[in-house]
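Enquirer: quick one: sequence and predicted model below, then my questions.
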Amino acid sequence: MDAAAAAAGRGGPAPPRCARAETDSEDAVATASSPHSAEAAGAAEQGNGGPAPVADAADVEGVDGIRIRRRPVTGPPVHYVGPFQFRLENEGNTPRNILERIVWDKEAEVSQMKERRPLYMLKGPLENAPPVRDFVGALKASFDRTGLPALIAEVKKASPSRGVLREDFEPVQIAQTYEKNGAACLSVLTDAKYFQGSFDYLDAIRNAGVQCPLLCKEFIVDAWQLYYARLKGADAVLLIAAVLPDLDIKYMLKICKILGMAALVEVHDEREMDRVLGIDGVQLIGINNRNLETFQVDISNTKKLLEGERGQTIAQKGIIVVGESGLFTPDHISFVQNAGVKAVLVGESLIKQEDPGKAIAGLFGKDISPVSAA
Ligand SMILES: O=P(O)(O)OC[C@@H](O)[C@@H](O)c1c[nH]c2ccccc12
């Protein structure tokens with residue numbers, strides 16, 4: 001069996017769970033086995049009427065430090081017996097919050113995408129992917145140039161909490177106006193179901209000649225998505241600590257490194273921050289002011305997570321912190337800057353304005369476009 005086939009989880013037993021983060025091969029494809037291939041195989045079995053899962057809800061909750069249940073613990077709600085369909089909804093197969101719902105759907109979506117384009121099929125096109133741009137370097141350069149947090153401006157049509165943010169949505173035009181008006185990097189939502197995003201937007205923005213490095217804003221649950229994001233022109237990906245156990249984060253960071261991409265590791269509370277600070281090689285931490293389970297936004301969260309020892313550790317390690325979500329005014333920007341962030345990730349407050357790029361000056365209280373600074 002060739003390495004790519006093994007990596008794509010075809011034709012052989014999945015590696016044991018605990019071994020995956022220790023894999024230290026420098027060959028990108030050889031390390032690409034899905035962290036979840038063992039579980040995915042189990043899930044597929046269930047769908048075919050195979051053995052029921054052994055774990056109960058209490059076992060699955062909190063596995064490896066994550067709070068959400070990564071997949072329905074009692075199997076999918078719909079079962080087939082011969083030609084008959086039974087819908088049996090119970091606590092174990094009903095998502096308890098929006099994050100669980102998104103992640104469960106994402107697992108199903110990714111397993112279909114993988115079936116259509118297994119990893120070995122991505123190998124050739126990956127060699128022709130647009131060269132990687134330096135995401136972290138662009139943030140640092142912008143901070144040095146303006147003395148203000150570098151802006152990662154988000155190309156976002158809709159969200160589950162806010163609905164449609166912009167009816168007339170032209171991703172390439174939006175990206176161009178963001179770049180012209182001083183964004184250091186762009187974040188492009190690729191989730192279709194909940195955010196009305198698309199991988200085609202990444203492609204289109206890169207092919208239109210936008211120079212800013214691009215963050216693929218996706219719910220990553222499987223290493224396959226990292227390769228796919230790179231193929232579509234991503235220079236960085238989001239890894240959400242509420243979704244990924246530590247071992248998966250470590251493993252995915254290695255793959256990002258091999259692919260040359262940066263990883264923005266997102267946390268929302270102290271526990272997640274402490275987990276991530278224990279992982280070597282993290283360069284960028286995003287503090288999300290929005291709780292993805294309840295949608296509540298509180299920008300003082302950024303400050304809370306940077307106080308005391310945590311802030312010192314971050315400074316010692318040279319990690320760049322990105323303040324994410326709920327930033328609308330120059331006061332908000334100075335608040336998170338004083339808390340210690342060197343970059344911000346902003347969607348709604350820009351995308352809702354008539355010209356999202358021109359709105360940048362309003363958000364920062366001054367024009368930060370490269371021309372005006374020269
Ligand atoms: O639109 P806002 O409030 O400016 O937020 C942008 C960004 O932080 C938000 O879109 C986001 C942060 N983390 C995420 C994870 C998934 C989806 C979306 C997000």
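Expert: Sure thing, it's come through.

Enquirer: per-domain residue ranges of the chain.
Expert: 3-21+28-99, 135-373 (automatic domain parsing).

Enquirer: save these as CSV, and put in mean neighbour count too.
Expert: The way it works is simple: take the backbone N, C-alpha and C, and place the C-beta from them, glycine included. Formatted as CSV, the domains of the chain follow (neighbours: other C-beta atoms under 10 Å):
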stretch, mean neighbour count
domain 3-21+28-99, 16
domain 135-373, 20
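
Enquirer: just put the ones you listed in JSON lines and tack on distance to L119.
Expert: Shown next, in JSON lines, are the domains of the chain (distance: least, C-beta to C-beta, whole Å):
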{"stretch": "domain 3-21+28-99", "distance to L119": "4"}
{"stretch": "domain 135-373", "distance to L119": "6"}
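
Enquirer: going by mean pLDDT, which of these comes out lowest?
Expert: For the domains of the chain, the bottom mean pLDDT is recorded on domain 3-21+28-99, which sits at a mean of 56.

Enquirer: so which bits of the chain are right by the ligand?
Expert: Where proximity means C-beta under 6 Å from any ligand atom, the interface of the chain facing the ligand comprises 154, 156, 217, 266, 288, 324-327, 345-349.

Enquirer: before we move on, what SS does the residue nearest the centre of the chain have?
Expert: For the chain, the residue sitting closest to the mean C-alpha position, by C-alpha atoms, centre = their mean, is L238 at 2.6 Å. Secondary structure assignment for L238 (DSSP: H, G, I helix; E, B strand; the rest coil): strand.

Enquirer: how about it, what does it touch?
Expert: For L238, the contact set (C-beta atoms under 8 Å, 6 or more residues apart in numbering) comprises S187, L215, C216, K217, E218, I220, A263, L264, E266, G286.

Enquirer: go again using 6 Å as the cut-off
Expert: Taking C-beta atoms under 6 Å, 6 or more residues apart in numbering as the contact definition, L238 lies against K217, L264, E266.

Enquirer: residues touching the last one, list them.
Expert: The contact partners of E266, taken as C-beta under 6 Å, 6+ apart, are L238, I240, G286, N288.

Enquirer: please apply the same query to the first one.
Expert: With contact taken as C-beta under 6 Å, 6+ apart, K217 is in contact with S187, L189, L238.

Enquirer: contacting residues for the second one?
Expert: Shown in contact with L189 (C-beta under 6 Å, 6+ apart): K156, F195, G197, K217.

Enquirer: got the buried residues for the lengthiest helix in the chain?
Expert: Scanning the chain for the helix with the most residues, using DSSP state H, yields helix 98-116. Buried positions in helix 98-116, judged by neighbour count with 16 or more other C-beta atoms under 10 Å: L99, E100, R101, I102, V103, W104, K106, E107, E109, V110, S111, K114.

Enquirer: can you lay out these as JSON lines showing distance to P130?
Expert: Rendered in JSON lines, the data for the buried residues of helix 98-116 read as follows (distance: C-beta to C-beta, whole Å):
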{"residue": "L99", "distance to P130": "31"}
{"residue": "E100", "distance to P130": "34"}
{"residue": "R101", "distance to P130": "33"}
{"residue": "I102", "distance to P130": "28"}
{"residue": "V103", "distance to P130": "29"}
{"residue": "W104", "distance to P130": "32"}
{"residue": "K106", "distance to P130": "25"}
{"residue": "E107", "distance to P130": "28"}
{"residue": "E109", "distance to P130": "24"}
{"residue": "V110", "distance to P130": "23"}
{"residue": "S111", "distance to P130": "27"}
{"residue": "K114", "distance to P130": "23"}
